[in-house]
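Peer 1: need the 3D shape of this:
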Amino acid sequence: MKPHASISGLPDDILLIVMSHVDIQDILALRQTSRRLHAMSKLRWVWYDAMKRHVVQKGLPIPAASVADLKALDAAHLETRAVHAAKFHDNWNSPHPVAKKTIEFSALSYLDDQLPDDTHCAVSHVSFLPGRNGKYLITVVGRVLTCWEIPLGESEAYRVAEWIAVRRIEQVIVNDDPKSDIVLAYVSTHATNQGVVECRALSFDKFHGRFTCRMELRAHRQAATPLHLLHSDYLVFGDPMHVCYLSAPTVVKPLGKPALAEMPDNAILAVKPVNRYLLIIRQRTFEVVPAPCWLGVRPPYPSLVSASSSVEMETPASSCVVVVRQVFASTTDDLPDWPDEPVTVLSRCSDDGFEMMHQYDLLPNPKAKESGPKSKASDLVLDRLPCVFPSQYTRVMNVAPSSCDLRVGPSGKGFWTETRNVVVRHSRNPARCLVGFEVTPAEGTPGKDGGKAGPPSARVSLSKDALYARRCNIHEILWKQYIITSTALEDTVGRIAVGDVTGKVEVLDLA
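Peer 2: Down below sits the predicted model:
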């Protein structure tokens with residue numbers, strides 16, 4: 001080797017190979033060493049390869065784009081998205097995750113018949129509109145529902161649209177399908193009839209800055225509440241469950257086994273669409289039913305009740321979330337009936353005074369009858385389960401008794417809220433903290449011959465430190481009436497929203 005040999009003496013093709021084997025931060029560091037490496041780090045091939053290796057193959061969401069859009073993006077846009085995704089992922093898994101930027105604003109909008117008391121000031125709900133990359137945030141204060149625009153890189157929030165209900169809004173649910181015109185549904189008390197609630201589905205026109213009512217449903221409270229799921233053009237509500245098709249004509253049909261609703265301590269905790277099916281998690285049972293709509297086709301209405309399978313668990317749960325990691329498919333037609341990766345259920349349980357988090361992994365059933373991507377959704381016959389129901393939990397984690405409000409995103413990142421003692425200015429104080437976690441696929445257990453003997457499962461890793469902390473006093477802890485009233489997560493761009501009882505909203509940028 002020559003005595004003065006250096007990396008600058010290598011040809012361009014070798015340097016490109018070197019850049020394809022280093023992290024995104026290393027590519028940015030190499031850019032600052034010489035003009036030659038600076039020019040090479042600007043090439044489109046470098047960032048297209050970095051996007052595939054460090055974002056797509058790791059299952060990270062792509063900010064403001066999909067896999068199908070990568071071929072149309074230039075080098076600058078690929079670099080921006082790859083760096084943003086890597087910064088968010090590294091910050092989330094760092095020993096001390098911090099918010100790179102915080103946007104604070106007041107969500108209050110007093111009406112003529114309201115006074116500024118605690119009931120009207122509390123932000124009862126916050127949520128990001130899916131598919132908008134954290135740009136639009138929904139807040140609810142009293143009977144006022146507001147949509148805010150919070151662009152990335154700016155320090156202010158702008159009021160875009162507002163909807164005023166007749167009575168206080170009790171529950172809001174957003175549509176997890178970004179392609180649907182209807183963005184949310186809410187429930188409020190009827191103006192005159194006691195025991196009757198109104199459910200409205202709203203569409204959002206960002207150009208004119210307004211909400212439009214697309215569906216209105218009035219029913220008794222026990223039949224219409226709570227709202228469980230708003231997906232595509234259908235709404236799932238009540239217990240026993242019913243599905244309401246929002247597109248004209250509006251049709252309401254029963255869904256699932258009604259006998260499960262009659263079991264004691266078996267309330268519905270979560271309803272999650274899993275490709276061609278719905279996964280319904282109750283306190284004591286797991287249930288799988290056909291999705292009310294798949295690929296734009298509705299299955300026969302009797303199959304929504306008859307084609308149902310369930311299993312009963314030993315320990316009842318108090319809350320849960322379902323993690324269905326995004327599948328990077330170019331179109332919806334490429335999705336299988338059930339994901340190849342495990343569908344993970346995290347349920348919070350109490351056993352003999354100990355608070356625990358149980359992890360259940362629902363693996364795809366290899367013997368299930370595959371209908372194929374070209375078959376019609378109306379031909380669905382649930383002769384075999386699409387997944388294998390777990391006989392017991394995969395993992396148990398101890399959690400604090402104060403933990404609540406589980407949130408999770410499509411990428412597997414999520415958090416819950418609990419009370420911890422934090423150090424502020426050399427003194428320890430109680431605070432409400434957001435504890436982050438991430439669900440990632442794990443390999444199966446190795447066999448004797450080197451192959452995979454056991455089925456693949458999911459790995460749940462907790463953040464080493466709290467994502468967010470806010471001090472609380474002893475009265476909040478005793479009465480369990482905390483200043484934080486609502487939280488939301490947008491894991492595509494790395495944003496968290498926190499609402500409190502004073503009407504203030506904080507939006508944290510973690511990237």
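
Peer 1: what about the stretch 151-300 of the chain, any weak spots by pLDDT?
Peer 2: Judged against pLDDT under 70, the stretch 151-300 of the chain has no low-scoring part.

Peer 1: residues touching residue 271, list them.
Peer 2: 228-229, 236, 241, 278-281 (CB atoms under 8 Å, 6 or more residues apart in numbering). Bear in mind the C-beta positions are built from the backbone N, C-alpha and C, glycine included.

Peer 1: let's see that with 10 Å instead.
Peer 2: Residue 271 makes contact with 227-229, 231, 236-237, 241, 255-256, 278-282, 287, 289, 322 under the criterion CB atoms under 10 Å, 6 or more residues apart in numbering.

Peer 1: give me the buried subset of these.
Peer 2: 227-229, 231, 236-237, 241, 255-256, 278-282, 287, 289, 322 (16 or more other CB atoms under 10 Å).

Peer 1: inside strands: which ones of those?
Peer 2: With strands taken from DSSP state E, the overlap with the buried ones among the contacts of residue 271 comprises 227-229, 231, 236-237, 278-282, 287, 289, 322.

Peer 1: just put those residues in TSV and tack on distance to residue 26.
Peer 2: Converted to TSV, these look like this (distance: CB to CB, whole Å):
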residue	distance to residue 26
227	47
228	46
229	43
231	41
236	47
237	50
278	44
279	40
280	46
281	42
282	48
287	48
289	48
322	36
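
Peer 1: ok, longest strand in this protein?
Peer 2: In the chain, with assignment by DSSP E, the single longest strand is strand 427-442.

Peer 1: what pairs with it, and is each one parallel or antiparallel?
Peer 2: strand 413-424 (antiparallel), strand 457-462 (antiparallel), strand 468-471 (antiparallel) (DSSP bridges).

Peer 1: out of those strands, nearest to residue 76?
Peer 2: Closest to residue 76 of those is strand 413-424 (CB to CB; 26.5 Å).

Peer 1: show me how far that closest one is from its chain's centre.
Peer 2: 19 Å (CA atoms, centre = their mean, to the nearest Å).

Peer 1: just the CA atoms of it, as CSV, please.
Peer 2: Extracted C-alpha coordinates of strand 413-424, given in CSV (Å, rounded to 0.1, in the frame of the first residue of the first chain):
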residue,chain,number,x,y,z
LYS,A,413,-44.5,2.9,17.8
GLY,A,414,-46.7,3.9,20.7
PHE,A,415,-46.9,5.1,24.3
TRP,A,416,-49.0,5.0,27.4
THR,A,417,-49.4,7.6,30.2
GLU,A,418,-48.3,6.9,33.8
THR,A,419,-47.1,8.8,36.9
ARG,A,420,-43.4,8.8,37.6
ASN,A,421,-41.0,10.7,39.8
VAL,A,422,-38.8,12.9,37.7
VAL,A,423,-35.8,15.1,38.6
VAL,A,424,-36.3,18.8,37.9
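
Peer 1: same question for that strand, mean pLDDT?
Peer 2: The average pLDDT within strand 413-424 is 91.

Peer 1: what bits of the stretch 401-511 of the chain have low per-residue confidence?
Peer 2: 443-455.

Peer 1: present the strands paired with strand 427-442 as CSV; the columns should include mean neighbour count and distance to residue 186.
Peer 2: Listed next are the strands paired with strand 427-442 as CSV, based on neighbours: other CB atoms under 10 Å; distance: least, CB to CB, whole Å:
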stretch, mean neighbour count, distance to residue 186
strand 413-424, 18, 23
strand 457-462, 17, 32
strand 468-471, 17, 26
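
Peer 1: can you tell me the centre-most residue of the chain?
Peer 2: For the chain, the residue nearest the mean C-alpha position is residue 409 (2.5 Å; CA atoms, centre = their mean).

Peer 1: wait, what's in contact with it?
Peer 2: Contacts of residue 409 (CB under 10 Å, 6+ apart): 61, 128, 130, 321, 323, 325-326, 415, 438-439, 488-492, 494.

Peer 1: show me where the stretch 251-400 of the chain has its strands.
Peer 2: Assigned by DSSP state E, counting those that start in this stretch, the strands in the stretch 251-400 of the chain fall at 251-254, 268-274, 277-282, 285-290, 309-312, 317-323, 343-351, 354-364, 387-388, 395-398.

Peer 1: and those strands: which comes nearest residue 48?
Peer 2: Across these, residue 48 has its closest neighbour in strand 317-323 (28.9 Å, CB to CB).

Peer 1: figure out how far the closest one is from the centre of its chain.
Peer 2: 13 Å.

Peer 1: relative to it, what are the paired strands and their orientations?
Peer 2: Applying DSSP bridges, one finds strand 317-323 paired with strand 343-351 (antiparallel).

Peer 1: buried residues, the strand it pairs with. List them.
Peer 2: Under 16+ other CB under 10 Å, the buried positions of strand 343-351 are 343-349.

Peer 1: can you pick out the most distant pair from the ones in strands among the buried ones among the contacts of residue 271?
Peer 2: Farthest apart among those - using CB to CB - are 231 and 282, which lie 18.7 Å from each other.

Peer 1: and the closest residue in space to residue 237 that isn't next to it in sequence, what does it touch?
Peer 2: Once flanking residues are discounted, residue 237 sits nearest to residue 227: 4.9 Å by CB to CB, 6 or more residues apart in numbering. By CB under 10 Å, 6+ apart, the contact list for residue 227 reads 170-173, 184-187, 199, 235-238, 271.

Peer 1: okay, those in TSV with distance to residue 39 next?
Peer 2: Below are the contacts of residue 227 laid out as TSV (distance: CB to CB, whole Å):
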residue	distance to residue 39
170	59
171	55
172	51
173	50
184	48
185	52
186	54
187	58
199	59
235	54
236	55
237	58
238	62
271	52
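
Peer 1: which helix is the longest one in the protein?
Peer 2: Longest helix in the chain, counting residues (DSSP state H): helix 75-92.

Peer 1: what's residue 102 sitting at in phi/psi?
Peer 2: The phi and psi values for residue 102, taken as degrees, to the nearest 10, are phi -130, psi 130.

Peer 1: please read the previous query as pertaining to residue 56.
Peer 2: Dihedral pair for residue 56: phi -70, psi -50, per degrees, to the nearest 10.

Peer 1: measure it to residue 67 for me?
Peer 2: 6 Å (CB to CB, to the nearest Å).

Peer 1: if we can go back for a sec, between the buried residues of strand 343-351, which is nearest residue 400?
Peer 2: residue 348 (10.5 Å).

Peer 1: list the contacts of the closest residue in space to residue 196 that isn't next to it in sequence.
Peer 2: Residue nearest to residue 196 in three dimensions, not counting chain neighbours: residue 190, with 4.1 Å by CB to CB, 6+ apart. Contacts for residue 190 (CB under 10 Å, 6+ apart) come out as 166-167, 196-198, 218-221.
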